[in-house]
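A.B. asks: Compute the structure for the input listed below.
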Amino acid sequence: MNSNPHEDRYSRQQDVVPAERLADCRATVIGVGAIGRQVALQLTAMGIPWLQLVDFDSIETPNLASQGYLEGDLGYLKVEATAVLCRRINSEIEITTMPERFRRSMEIGNVVFCCVDRIDIRRLIWEAVKDSVSFFVDGRMSAEILRILSACDAESRQYYPSTLFRTEEAFVDLAPPRPRSTVPISRPGSWSPSSPSTCGLAYRVRHPNESTGFGAERRCLHTGQGLKGREGPAAPSLTFS
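C.D. replies: Predicted coordinates for the structure are as follows:
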């Protein structure tokens, strides 16, 4: 066993997450809900030295099952409850909490995790930080589908804005529950993902050229994997079903 407790703590990730690069990261997590809370906890466990949490919301009963908060957290600010747990995971971390809505004038880290649930807020955040951060990650989730988009080089920075469809182009249709329903996405031509859905809501996103919601995209920037049933280029998302 390594005699250095600090080195031993991160020994199983050192080949994947270089310690010197992690040490330079100052991460801002905007939105501490279902995605953002887990991102914050994992960044803490990985040993990120500086973490900023931005969210104006307080914890309510529905957040317990969907976002992993504890019963004792009810009524507390999400940023404060998450910060408490982060400090329990790693006492060396420096955490800044911002219990408010994101503002363009905020001082943020050089890495941003955008974990909000509205497309118009994603656009606002991107426009505000695109020129000042070295790595930008946007996490989107609907039912069993999780999409992770990143902007970290010239190509991905040019592509990411095309995924920011207008709010009025996204809507939810109620559909009767089916044992093996799908999550249909309307687009030019006939296509729908083949992964089964576990709920009775059919989510659809429309776009003049390509679906840019929880389904198809023009190409895959990092994963090289398309959605099931997709005809044509792969989608820039991670899909778990």
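A.B. asks: Helix or strand: which one has the nearest residue to T44 once chain neighbours are set aside?
C.D. replies: Excluding its sequence neighbours, the residue lying closest to T44 (CB to CB, 6 or more residues apart in numbering) is C86, at 4.2 Å. Just so you know, the C-beta spots here come from the backbone N, C-alpha and C atoms, and that holds for glycine as well. Secondary structure from DSSP states H and E places C86 in helix 78-89.
A.B. asks: next one: D8
C.D. replies: Under the criterion of DSSP H and E, D8 resides in helix 5-9.
A.B. asks: average model confidence for whichever helix or strand comes after that helix?
C.D. replies: Later in the chain than helix 5-9, the nearest helix or strand by DSSP H and E is helix 19-23. Here helix 19-23 scores 89 as its mean pLDDT.
A.B. asks: Buried ones in helix 19-23, by neighbour count?
C.D. replies: Residues of helix 19-23 classed as buried: L22 (neighbour count, 16 or more other CB atoms under 10 Å).
A.B. asks: do the same with stretch 106-124
C.D. replies: For stretch 106-124, a neighbour-count test (16+ other CB under 10 Å) marks 106, 108-109, 111-116, 119, 121-124 as buried.
A.B. asks: and of those residues, the nearest to P161?
C.D. replies: Nearest to P161 out of the buried residues of stretch 106-124 is R123 (CB to CB; 8.1 Å).
A.B. asks: For the nearest residue to the closest one once chain neighbours are set aside, list the residues it contacts.
C.D. replies: What sits nearest to R123 in space, not counting adjacent residues and going by CB to CB, 6+ apart, is L164, at 4.6 Å. Applying CB atoms under 8 Å, 6 or more residues apart in numbering, one finds that L164 lies in contact with I119, R122, R123, W126, T212.
A.B. asks: Give me the pLDDT value at L164.
C.D. replies: So, for L164, pLDDT stands at 93.
A.B. asks: One more: S197?
C.D. replies: We have a pLDDT of 30 for S197.
A.B. asks: How about the one 5 residues further on?
C.D. replies: The score at A202 is 30. That number is its pLDDT.
A.B. asks: one step back: same question for the helix holding C86: list its buried residues.
C.D. replies: Quick answer for helix 78-89 (16+ other CB under 10 Å): K78, V79, E80, A81, T82, A83, L85, C86.
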